[in-house]
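Trainee: Any chance you can model this:
(one chain, ligands or ions: 2)
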Amino acid sequence: MAKYIMALDAGTTSNRCILFNEKGEICSVAQKEFTQYYPQPSWVEHDANEIWATQLGVAIEAMAKIGAKSTDIAAIGITNQRETTVVWDKNTGEPVYHAIVWQCRRTSEYCDSLREKGLADSFREKTGLVIDAYFSGTKLRWILENVPGARERAEKGELLFGTIDTWLIWKLSGGKIHVTDYSNASRTLLYNIKELKWDDEILAELNIPKCMLPEVRPSSAVYGETDEALFGDPVKIAGAAGDQQAALFGQACFTPGEAKNTYGTGCFMLMNIGDKIKYSKNGLVTTIAWGLEEGRVSYALEGSIFVAGAAIQWLRDELKIVDTSPDSEYYAKKVADTNGVYVVPAFVGLGAPYWDQYARGTIVGLTRGANKSHLIRATLESLAYQTYDVLKAMEEDSGISLAALKVDGGACKNNFLMQFQSDVIQAPVRRPMCVETTAMGAAYLAGLAVGYWKTKDDVLNNWAIDNEFKPEMCPQKAQELIDGWKKAVRCSFGWAKD
Ligand SMILES: Nc1ncnc2c1ncn2[C@@H]1O[C@H](COP(=O)(O)OP(=O)(O)O)[C@@H](O)[C@H]1O
Ligand SMILES: O=P(O)(O)OC[C@H](O)CO
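Mentor: Ligands and ions are numbered 1, 2, ... in the order given. Sure, this is the predicted structure:
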């Protein structure tokens, strides 16, 4: 019997491959960062070819590290940064433009015009989303409008659209399979999450030819096999899910009301709401969590925070005041507080619950005594405050007060941040043994499709806690800090608006 499930985790800043065994344990990992392009302020792009080359490279490396052969791999599951938009030529496989990344704000004004036409409610009703440059639809339209010849070629059926899952599956299959899964489709602003189909009215409004769009399949299903040239024998490609939904699955949040928060490049809190759609009144979006079989899906409420770990990378790469992201913990602990400094990392606007496309990064409360450690600490704390905002919105929408918050993602390894998070929300924060829950979720989705695991109970049984952080700060102090944060956030609003 094959020994491993391979998870390909295509994140915003790096690609990873993890090989899991039957107990859900990590047997091999390889990871590589790739280039971020910022061609104009608030524009973000990736090279889709580099994403593919990096992803294939880490897959081969992870196998080589433990001498695994293709016949040792029962199936591949894919999980990906969502919304990021790729358009490529069906015949040559060449992207017609860089991938436009979820963080990119280039379509903000077009989104304003859609809202001004009074379309916000109908888009919300159909897609569960707010009209925002974050989602794929307006990015795809931008490519069709701005890349010479793209619209004509798309209308002739020569171009294909995909989010990163679709792009990777297409490349893995040697250009044979053009699919996405329910969870990724629900992030495009083009997919009707009630009727489970591409929405013709929205496609007409955005002027997007339907023939470019991938077939939408369950998140756990055999889509096909890898091209023989890649790993030797073909391997089944058996699952895909957006990274945040995969993490919800990997955290075994199967019961409505269960939630997780992932601290990666951004920070995303998702709550399983079962098989009935519920719309938020507090700035969250409704999204498809997963569909395990054709025509049936589970939904989630989501609070999307655009900049979280990316703010720590900013301290590292732009300000150069930490050498590595984990170093932020050392500096934060060197000081007792932030000395009144707040950092609002609205580098690409603000997502939930504010949805301000024109907010920009803001530092307030500086006095002559503010030093590097205060700034680092304030940046780390901003992750916790943003999470607080989203948590409150989620509790209000769902009517459920979370007994504890399950966390995962790269930055949740930061103990200072986790303790501060618990203090701010005044509730326990639970970190699992395996914080690679995104990759784990993708592995489970693929493993369930090929019978490597039998039921979702296997996922539940493999979940184990590493640490629980309990509130140590008194509620009044926490409230004072939150009040300061609210004031700071207000200062960032609308900054980039003429
Ligand atoms: N110990 C840490 N403290 C703070 N931030 C961290 C730490 N370790 C990683 N990060 C941040 O977490 C992010 C990486 O997490 P990851 O889950 O791999 O993200 P993604 O999937 O979005 O690429 C980076 O933005 C990095 O700055
Ligand atoms: O790269 P991550 O893990 O921060 O995830 C990005 C999200 O999928 C964007 O919606």
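Trainee: Quick check, pLDDT for the residue of the stretch 101-250 of the chain at minimum distance from ligand 1.
Mentor: Proximity of the stretch 101-250 of the chain to ligand 1 (Cβ to the nearest ligand atom) peaks at D243, 6.3 Å away. No exception for glycine: its C-beta is placed from N, CA and C like everyone else's. Per-residue confidence (pLDDT) for D243: 95.
Trainee: What count of nearby residues applies to it?
Mentor: A count of neighbours around D243, defined by other Cβ atoms under 10 Å, yields 32.
Trainee: Hmm, it is touching D9, no?
Mentor: Yes - D243 is in contact with D9 according to Cβ atoms under 8 Å; the separation is 6.9 Å.
Trainee: Overlap in contacts, those two.
Mentor: Common contacts of D243 and D9 (Cβ atoms under 8 Å, 6 or more residues apart in numbering): 79-80, 438.
Trainee: Select only the buried ones of those in ChimeraX?
Mentor: Here is the ChimeraX command that selects the buried residues among the shared contacts of D243 and D9 (16 or more other Cβ atoms under 10 Å):
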select :79,80,438
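Trainee: any chance of the shared contacts of D243 and D9 in CSV, with distance to ligand 2, pLDDT and secondary structure too?
Mentor: Below are the shared contacts of D243 and D9 laid out as CSV (distance: Cβ to the nearest ligand atom, whole Å; pLDDT from 0 to 100; DSSP: H, G, I helix; E, B strand; the rest coil):
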residue, distance to ligand 2, pLDDT, secondary structure
T79, 9, 97, strand
N80, 7, 96, strand
T438, 7, 92, helix
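Trainee: Closest one to ligand 1 out of the shared contacts of D243 and D9, please.
Mentor: Ligand 1 lies nearest to T438 out of these, by Cβ to the nearest ligand atom, at 6.6 Å.
Trainee: Farthest from the middle of the protein: give me that residue.
Mentor: Relative to the C-alpha centroid of the chain, counting by Cα atoms, centre = their mean, R368 is the outermost residue, at 38.0 Å.
Trainee: how far is the lowest-mean-pLDDT helix or strand in the chain from where the chain is centred?
Mentor: Scoring the helices and strands of the chain by mean pLDDT, DSSP states H and E places helix 456-462 at the bottom, with a mean of 85. Distance, stretch centre to chain centre, for helix 456-462: 23 Å (Cα atoms, centre = their mean, to the nearest Å).
Trainee: other SSEs contacting that helix?
Mentor: helix 437-449 (3 or more Cβ pairs under 8 Å, 6 or more residues apart in numbering; DSSP states H and E).
Trainee: and if we set it to 10 Å?
Mentor: Helices and strands touching helix 456-462, as assessed by 3 or more Cβ pairs under 10 Å, 6 or more residues apart in numbering; DSSP states H and E, comprise helix 243-250, helix 437-449.
Trainee: about what we covered before: look up the pLDDT of the residue farthest from the centre of the chain for me, please.
Mentor: 96.
Trainee: so it, which of the three states?
Mentor: Applying DSSP: H, G, I helix; E, B strand; the rest coil to R368 yields a three-state assignment of coil.
Trainee: For E225, report the pLDDT, please.
Mentor: Reported pLDDT for E225: 95.
Trainee: quick revisit: just the CA coordinates of the helix or strand just after the least confident helix or strand of the chain, formatted as CSV?
Mentor: Once the chain leaves helix 456-462, the next helix or strand it forms, by DSSP states H and E, is strand 465-469. Below are the C-alpha coordinates for strand 465-469, written out as CSV (Å, rounded to 0.1, in the frame of the first residue of the first chain):
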residue,chain,number,x,y,z
ILE,A,465,-3.2,19.9,21.3
ASP,A,466,0.2,21.4,21.8
ASN,A,467,-0.5,24.4,24.1
GLU,A,468,-3.4,26.3,25.5
PHE,A,469,-2.9,30.0,26.3
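Trainee: Could you check strand 465-469 and say which residues are buried?
Mentor: Buried residues in strand 465-469, counting neighbours by 16+ other Cβ under 10 Å, are found at F469.
Trainee: Just the C-alpha atoms of whatever helix or strand comes next after it, please, in CSV.
Mentor: Reading on from strand 465-469 to the C-terminus, the next helix or strand found by DSSP H and E is helix 475-492. Extracted C-alpha coordinates of helix 475-492, given in CSV (Å, rounded to 0.1, in the frame of the first residue of the first chain):
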residue,chain,number,x,y,z
PRO,A,475,-10.6,42.6,31.4
GLN,A,476,-10.4,46.4,32.1
LYS,A,477,-6.8,46.6,30.9
ALA,A,478,-7.7,44.6,27.8
GLN,A,479,-10.7,46.9,27.1
GLU,A,480,-8.4,50.0,27.4
LEU,A,481,-6.0,48.6,24.9
ILE,A,482,-8.8,47.7,22.5
ASP,A,483,-10.3,51.2,22.8
GLY,A,484,-6.9,52.6,21.8
TRP,A,485,-6.8,50.2,18.8
LYS,A,486,-10.2,51.3,17.7
LYS,A,487,-9.0,54.9,17.7
ALA,A,488,-5.9,54.0,15.7
VAL,A,489,-7.9,52.0,13.1
ARG,A,490,-10.1,55.1,12.5
CYS,A,491,-6.9,57.1,11.7
SER,A,492,-6.1,54.7,8.8
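Trainee: circling back to that earlier point, among the shared contacts of D243 and D9, which are in reach of ligand 1?
Mentor: Here nothing survives when those are matched to ligand 1 using Cβ under 6 Å from any ligand atom.
Trainee: Could you export the shared contacts of D243 and D9 to TSV, including columns for distance to R115?
Mentor: Listed next are the shared contacts of D243 and D9 as TSV, based on distance: Cβ to Cβ, whole Å:
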residue	distance to R115
T79	31
N80	28
T438	32
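Trainee: what does the stretch 1-150 of the chain put close to ligand 2?
Mentor: Selection of the stretch 1-150 of the chain residues close to ligand 2 by Cβ under 6 Å from any ligand atom yields 11-12, 81-83, 102.
Trainee: Identify the farthest-apart pair in the residues you listed.
Mentor: The most widely separated members of these, counting by Cβ to Cβ, are G11 and E83 (13.0 Å).
Trainee: Counting neighbours, go ahead and name the busier of those two.
Mentor: Ranked by neighbour count (other Cβ under 10 Å), G11 and E83 place E83 first, with 26 against 22.
Trainee: Does the more buried one touch C104 like I think?
Mentor: Yes - look at E83 against C104 with Cβ atoms under 10 Å: they come within range, at 9.3 Å.
Trainee: Which residue, neighbours along the chain excluded, lies closest to R187?
Mentor: Leaving out its chain neighbours, the residue that sits closest to R187 by Cβ to Cβ, 6 or more residues apart in numbering is R82, at 4.4 Å.
Trainee: ok, that neighbour - contacts?
Mentor: 12, 102, 134-136, 163-165, 183-184, 186-188, 241-245, 268, 287, 304 (Cβ atoms under 10 Å, 6 or more residues apart in numbering).
Trainee: one step back: need the helices and strands packed on helix 456-462 in a markdown table with distance to P234, can you?
Mentor: Shown next, in a markdown table, are these (distance: least, Cβ to Cβ, whole Å):
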| stretch | distance to P234 |
| --- | --- |
| helix 243-250 | 23 |
| helix 437-449 | 14 |
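Trainee: Since that was my last question, I'll sign off now.
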